[in-house]
Structures are given as C-alpha cells and as structure tokens.
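Peer 1: pasting a predicted model and its sequence here:
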Amino acid sequence: MQEPLFLKPVFQEKIWGGSRLRTVFGFDIPNDKIGEDWAISAHPHGVSVVENGPFKGWKLDDLWKEHKELFDHPTEPVFPLLIKILDAEDDLSVQVHPDDAYGMAHEGELGKTECWYIIDAEPGAEIIYGHHAKTREELAEMIQDSRWDDLLKKVPVKKGDFFYVPSGTIHAIGKGIMILETQQSSDTTYRVYDYDRKDDQGNTRELHIQQSVDVTTVPAKAPELQIKEIRQGNSSIVTYVETEFFNVYEWDIKGITSFKKQAPYTLMTVIDGAGELVIGNQTYSLEKGTSAILPSDITEWKVQGELSIIASEPGVK
C-alpha cells in the first residue's frame with residue numbers, strides 16, 4: 001500500500017464553537033457553532049472515512065480491524081490516536097481526564113493524555129494549565145467552595161506554543177484560541193467547572209466533581225519538554241514530545257524535504273500553507289486542513305512547497 005490514506009473531516013458542534021474552521025481552514029461546516037474537526041479518528045463518536053485510493057469509503061475503525069497490515073500488524077484493540085483541530089470561540093470548561101487504568105475501569109475506554117499546538121491565539125488569550133492545591137483534600141475544598149481564582153493556574157499563550165497535557169492535568173482552552181490537538185483515542189472528559197453557563201434549552205452541563213478529584217494529579221506537576229529542532233536547508237523538523245502514547249512533530253517546509261519511516265505509520269495534518277507529498281513517482285496535493293495517514297509500506301517520502309504540518313506517530317509502550 002504505497003498510497004496515503006486521505007481522510008474526510010468529522011465536525012463536532014460545541015457550545016463554545018465558532019466559524020473559523022470555515023474562515024481559516026476553508027471547511028464546509030454545517031453551522032457557526034462548530035468547535036472541533038476530528039481530522040483523524042477511529043473513535044465511535046466520530047469516525048474518519050478514507051477519501052481516496054483502493055480503500056475509498058472505508059471507515060478508519062474498520063481498516064484497523066480488517067487490514068492490520070496497513071499499520072504493521074498492531075496488537076492494540078483500537079486505533080490509539082485522535083487528531084483534532086479546535087476553534088474556541090468561547091472558553092472551554094475546566095476539565096481533567098483519567099489515565100488508562102481509571103478510564104478502562106470506569107468508562108470502558110482509554111484514558112486521555114493529549115498535547116496542544118497553538119495554531120492561533122488572539123492577543124491576551126490564555127489557557128488554564130494546572131492548579132495550586134497542595135493536597136487532594138484541599139483540591140476538593142477549593143472546588144466545593146468555588147475558589148477558582150485561588151485554584152486554577154492561568155498561562156498566556158501565543159501562536160506556535162506547544163503544551164503537553166498528561167492525564168490528571170486540570171486544564172481548559174481559553175476563548176480566541178485555535179489548536180491542533182494530538183491525543184489518545186478517548187472521549188472521556190470530567191468537567192470540574194463550566195462558568196455556570198446554560199445551553200439553548202436553559203440547562204447547565206453535567207459536572208463530574210468526584211471523578212475529577214479522584215483522577216487529578218496532586219500536587220500538580222508541570223511536564224518538562226525536551227524540544228529538539230533539526231534543520232534541512234530552509235526547512236525545520238521540530239520534535240515536541242516523545243512519550244509512550246505518541247510522538248509529535250512540526251514539519252516546517254520551505255522547499256523540499258525528505259523523510260524516512262520511523263514508526264509503524266505516520267499521521268499528518270497541514271495547518272498552514274500548501275504543497276505536495278511525493279511518494280515514489282506519485283505526487284499528492286496538500287493544502288491547509290488536509291489530513292492523511294502514511295501506512296506501514298510507505299518507507300520514504302518527500303514534502304515540497306511552503307507549508308507547516310503537525311505530524312505524529314504511535315508511541316512505544
């Protein structure tokens with residue numbers, strides 16, 4: 001299978017969503033409250049469909065089950081990663097995700113470690129990233145007493161920033177931010193606080209206080225990133241994170257850059273610019289918003305043009 005699998009976006013409406021997936025990425029979104037493009041997903045809440053080649057029309061979860069050779073014969077029961085582009089027109093809820101053990105025991109699915117590349121951020125935009133509680137008891141008390149200013153750690157962000165968000169991290173994406181998120185294939189979110197806002201029916205969204213207290217890492221630990229950059233001519237390859245869950249890179253291409261396979265398969269999403277993917281004597285167009293998987297049989301490829309890609313691979317357990 002010397003052909004990439006290009007994937008059709010799956011859009012998710014959110015109370016905090018907007019219209020920038022149309023205005024910035026050119027997607028044909030169904031309304032102006034679209035918060036997420038699930039760009040590469042085999043999760044049952046939004047499964048990607050292949051747009052090209054011999055597997056055109058196949059769902060990614062079915063490919064994972066029935067054509068394991070595309071992924072170098074993995075042993076995991078489900079496709080392990082989920083790639084999203086998020087448009088936060090408003091603040092997301094303050095939330096935390098479980099690890100694999102808690103997620104499987106209580107929700108029947110993987111936990112959720114994730115990471116964020118900031119595609120764009122309005123001036124003054126910030127995220128919630130961590131907390132100030134010293135003990136689990138203090139955490140519970142501060143949540144119970146709604147002492148959000150004392151509890152939550154806010155961090156200003158700008159375009160090009162990167163954040164690693166392990167399970168157990170209290171976090172929230174703030175309004176005016178667009179991100180590409182690489183995460184485990186999980187849709188389990190425990191909501192700590194949602195600003196007391198109501199949906200169109202006048203209902204507040206469910207909170208998950210006990211679960212949040214159970215799974216939050218206390219005291220908070222800020223991950224130390226070992227970001228590495230390799231130059232190839234005018235292009236650069238940045239390694240943001242290498243973990244048991246995923247490895248995440250930015251390919252900033254100016255000209256033509258060659259790559260060799262490093263993992264069973266590679267995921268890629270174009271976040272800016274345009275160019276071409278060259279595999280053997282075949283050339284494929286790449287534009288902003290294009291997402292693809294390079295299956296196991298593709299061992300070498302080139303990217304040419306002026307474009308930025310966030311790429312990822314499955315981590316090594």
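Peer 2: Looks like it arrived, so ask away. Numbering: from 1, shown residues only.
Peer 1: output the below-cut-off pLDDT ranges for the stretch 201-317 of the chain.
Peer 2: Counting by pLDDT under 70, the stretch 201-317 of the chain has no low-confidence residues at all.
Peer 1: that one: strands as residue ranges?
Peer 2: Along the stretch 201-317 of the chain, counting by DSSP state E, counting those that start in this stretch, strands occupy 228-232, 235-242, 246-260, 266-279, 282-287, 291-294, 300-314.
Peer 1: of those, which stretch is the most buried?
Peer 2: strand 291-294 (a mean of 25; mean count of other CB atoms under 10 Å). Where C-beta positions appear, they are placed from N, C-alpha and C, glycine not excepted.
Peer 1: just checking: what are the partner strands of that strand?
Peer 2: Here strand 291-294 has these sheet partners by DSSP bridges: strand 5-8 (antiparallel), strand 266-279 (antiparallel).
Peer 1: chain center to that strand: distance?
Peer 2: 14 Å (CA atoms, centre = their mean, to the nearest Å).
Peer 1: got the contact list for it?
Peer 2: 4-7, 9, 39-40, 48, 60, 83, 261, 265-270, 277, 279, 284, 301 (CB atoms under 8 Å, 6 or more residues apart in numbering).
Peer 1: gap between the spatially most central residue of the chain and Val248?
Peer 2: Central residue of the chain (CA atoms, centre = their mean): Glu181, 2.0 Å from the mean position. Separation of Glu181 from Val248 (CB to CB, to the nearest Å) stands at 10 Å.
Peer 1: swap in Glu276?
Peer 2: In terms of CB to CB, Glu276 sits 23 Å off from Val248.
Peer 1: one more: Lys154?
Peer 2: With CB to CB as the criterion, Lys154 and Val248 are 24 Å apart.
Peer 1: hey, what's in contact with both of Glu181 and Val248?
Peer 2: With CB under 8 Å, 6+ apart, Glu181 and Val248 have common neighbours Cys115, Tyr117.
Peer 1: show the pLDDT at the most far-flung residue of the chain relative to its centre.
Peer 2: Largest separation from the mean C-alpha position in the chain: Asp145, at 32.0 Å (CA atoms, centre = their mean). Looking at Asp145, its pLDDT stands at 96.
Peer 1: so Glu126 makes contact with Leu152?
Peer 2: No: the criterion here is CB atoms under 8 Å, and Glu126 misses it with Leu152 at 10.5 Å.
Peer 1: between the two, who's got more neighbours?
Peer 2: Higher neighbour count among Glu126 and Leu152: Leu152, with 20 against 17, using other CB atoms under 10 Å.
Peer 1: OK, contacts around the more buried one?
Peer 2: Counting by CB under 8 Å, 6+ apart, Leu152 has contacts Val94, Ile128, His131, His132, Ile170, Ala172.
Peer 1: ok, what's across the strand from it?
Peer 2: His131.
Peer 1: and the residue farthest from the centre of the chain, how far from His131?
Peer 2: Counting by CB to CB - Asp145 and His131 are separated by 14 Å.
Peer 1: before we move on, what about Thr217?
Peer 2: Distance from Thr217 to His131, counting by CB to CB: 9 Å.
Peer 1: give me the more crowded residue out of these two.
Peer 2: Taking other CB under 10 Å, Thr217 and His131 do not tie; His131 has more neighbours (26 against 17).
Peer 1: surely the more buried one touches Thr216?
Peer 2: Yes: His131 lies in contact with Thr216 (CB under 8 Å); the separation is 7.3 Å.
Peer 1: nice, that's everything, thank you.
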